[in-house]
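> Give me coordinates for this.
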Amino acid sequence: MTVAELYIPPKPLSLWSVVALARVLWKGDGNLLELLPAAAYRFDIGNLGYSRRSTVLFNDPDAVREIMRDADGVFPKSDLMVSALEHLIGDSIFVTDGERWKRQRAMIDPAFSHMRISHAFGAMKAAVDDHISTLQERAASGETFSLDLAMSHLTADIICRTVFSTPLQTGVAVDIFEDFNLFERSAVQVDVLRLIFKPAWSDVPQPPEVLAACERIRRHLGTLVDSHLEHPASFDDIATTVIAATDQQTGERFTREELIDQLGVFFLAGHETTASALTWAFYMLADRPHWLDRLRAEVSSVVGDAPLTFEHTRQLPLIKAFFKETLRLYPPITFMPRVALREATVAGRRLRKGALVMIAPWTLQRHSKWWPDPHAFKPERFLPEQEKTVAQGAYIPFGQGPHTCVGAGFAQTESVLILAELARRFDWILTPGQTVRPAARMTTRPVEQVTLHVRPQGSQG
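Alright, predicted model coming up:
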């Protein structure tokens with residue numbers, strides 16, 4: 001394949017640092033992807049602009065591993081990230097560090113092991129089947145719809161069914177979904193001017209509508225938790241296993257508030273991150289239909305016309321590779337910021353107290369040192385034989401080391417199922433004239449929602 005034939009899906013322009021900063025400030029949307037200079041895709045360690053607190057980006061896999069392992073407790077999760085999420089998910093596993101994090105992780109890991117993915121697969125499949133019915137209705141009517149919202153709705157339905165045994169169509173689940181959407185769009189993670197001029201650990205005020213949405217979400221989650229606490233024998237789902245989890249040292253269980261924190265993380269991370277990746281996956285399938293043909297051919301050869309089973313999801317290497325390459329180019333968590341609690345040195349770079357230590361899957365997974373044709377979409381990189389050549393530590397869409405996402409296996413199985421089922425049944429046709437560009441929000445999303453329509457596979461028109 002020649003350079004001219006490479007498919008380069010949407011990415012931000014890479015400009016000089018000063019020009020990039022001026023562009024972000026002028027647009028006012030706080031899209032940090034457009035703040036990244038061209039050098040961020042080439043250097044191992046470098047400053048991201050100049051600010052009162054100092055922001056240092058690490059693209060060296062060994063340094064990234066050291067920071068994320070954080071053996072000495074120097075690099076907790078960034079105060080900026082905690083400020084954005086604390087009103088929604090409290091002191092949950094997603095924002096805590098140290099001994100509190102270790103306790104929570106030790107309690108949750110066995111719960112997820114007990115709640116085997118194969119056990120949850122039936123609920124996943126039921127949600128996908130319902131979504132297929134919705135898409136069939138849209139295909140019959142020719143309706144144009146938002147790909148972003150469709151993927152968010154589908155993955156939220158899967159999470160509702162697997163975590164709480166509740167389809168999304170119920171009133172409480174729909175309210176939670178809508179408020180999560182509001183939270184994702186409006187929560188302040190990084191204000192560029194505040195980042196430049198304010199010191200570390202400054203308060204980051206959230207808009208009133210975000211605080212109200214967080215309060216409603218937690219109230220609804222509490223209702224779902226209470227239903228499980230009052231009738232534990234009536235459920236066999238992820239919430240049940242987390243409720244039953246115990247601290248190995250004390251024998252204590254999570255309190256009601258802690259359950260709301262942890263299950264809120266499952267809902268936020270479990271539907272929003274997967275929806276982000278699937279939005280980009282189906283955008284690229286619509287933008288490059290020959291990939292749709294290739295995925296469809298693999299499903300046909302493995303599954304035929306039979307219902308797709310859990311075992312089938314393990315037998316689709318091209319679809320797995322397609323999803324992994326989507327995660328490489330569009331990691332759902334764009335940045336994994338840490339903050340230096342004291343002066344420290346990593347890979348020869350001195351960091352002052354309060355420095356923002358930036359781990360960015362976005363740049364690490366597009367880095368010219370670790371990836372040939374780094375911005376090109378080439379799923380073949382992740383076919384079984386070629387995947388062995390991927391630089392160790394240069395691919396971290398689910399985090400790394402002890403902080404690897406507890407739901408990684410769940411997300412991969414769910415995504416392979418969705419890609420396989422929807423690819424074999426529908427053609428995806430983009431609305432003409434759209435300009436698609438990525439933004440770093442709560443997850444990596446298109447700046448404007450992608451719109452398209454579907455038609456039954458093989459039909460004309």
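
> Could you list the alpha-carbon positions for stretch 368-383 in CSV?
C-alpha atoms of stretch 368-383 as CSV (Å, rounded to 0.1, in the frame of the first residue of the first chain):
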residue,chain,number,x,y,z
SER,A,368,6.1,8.3,15.1
LYS,A,369,8.7,6.4,17.1
TRP,A,370,6.4,3.5,18.0
TRP,A,371,4.0,3.3,15.1
PRO,A,372,4.7,3.2,11.3
ASP,A,373,2.2,5.5,9.5
PRO,A,374,1.0,6.6,13.0
HIS,A,375,-2.1,8.5,11.9
ALA,A,376,-3.2,5.9,9.3
PHE,A,377,-6.0,3.4,10.0
LYS,A,378,-4.4,0.0,9.6
PRO,A,379,-6.3,-2.8,11.5
GLU,A,380,-3.8,-5.4,10.2
ARG,A,381,-1.4,-4.1,12.9
PHE,A,382,-3.5,-6.1,15.4
LEU,A,383,-3.9,-9.4,13.6
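
> Need the contact partners of it.
Contact with stretch 368-383 is made by 3, 6-9, 11, 41-42, 44, 59, 61, 284, 288, 291, 317-318, 320-322, 324-325, 328-329, 364-367, 386-387, 390-391, 394, as judged by Cβ atoms under 8 Å, 6 or more residues apart in numbering. In this view, the C-beta of every residue, glycine as well, is placed from N, C-alpha and C.

> any idea how far the residue lying closest to Gly73 once chain neighbours are set aside is from Glu258?
With Cβ to Cβ, 6 or more residues apart in numbering as the criterion, Gly73 has its nearest non-adjacent residue at 5.7 Å, and that residue is Gly98. Separation of Gly98 from Glu258 (Cβ to Cβ, to the nearest Å) stands at 16 Å.

> Name the residue in these two with the higher neighbour count.
Neighbours per residue (other Cβ atoms under 10 Å) separate Gly98 from Glu258, with Glu258 holding more: 17 against 10.

> Contacts only, for that one.
By Cβ under 8 Å, 6+ apart, the residues touching Glu258 are 90-92.

> Can you give me the end-to-end span of stretch 304-314?
With Cα to Cα, to the nearest Å as the measure, stretch 304-314 spans 15 Å from end to end.

> any idea how far it is from the chain center?
On the basis of Cα atoms, centre = their mean, to the nearest Å, stretch 304-314 sits 25 Å off its chain's mean C-alpha point.

> Tell me where the model's unsure across this protein.
Along the chain, the model assigns pLDDT under 70 to residues 1-4, 14-31, 49-52, 80, 111-115, 187-204, 460-461.

> can you tell me how far Val64 sits from Pro361?
Going from Val64 to Pro361 by Cβ to Cβ gives 9 Å.

> Residues in contact with both of the two, list them for me.
Shared contacts of Val64 and Pro361, defined by Cβ under 8 Å, 6+ apart, comprise Ile396.

> which helices and strands sit right next to the host helix or strand of Ile108?
Assigned by DSSP states H and E, Ile108 belongs to helix 98-114. Judged by 3 or more Cβ pairs under 8 Å, 6 or more residues apart in numbering; DSSP states H and E, helix 98-114 is in contact with helix 238-244.

> following the helix holding Ile108, which helix or strand comes up?
Scanning forward in sequence from helix 98-114 by DSSP H and E, the next helix or strand is helix 117-141.

> So what angle separates the directions of that following helix and helix 98-114?
Comparing the axes of helix 117-141 and helix 98-114 via axes from the mean of the first three to the mean of the last three Cα atoms, to 10 degrees yields an angle of 80 degrees.
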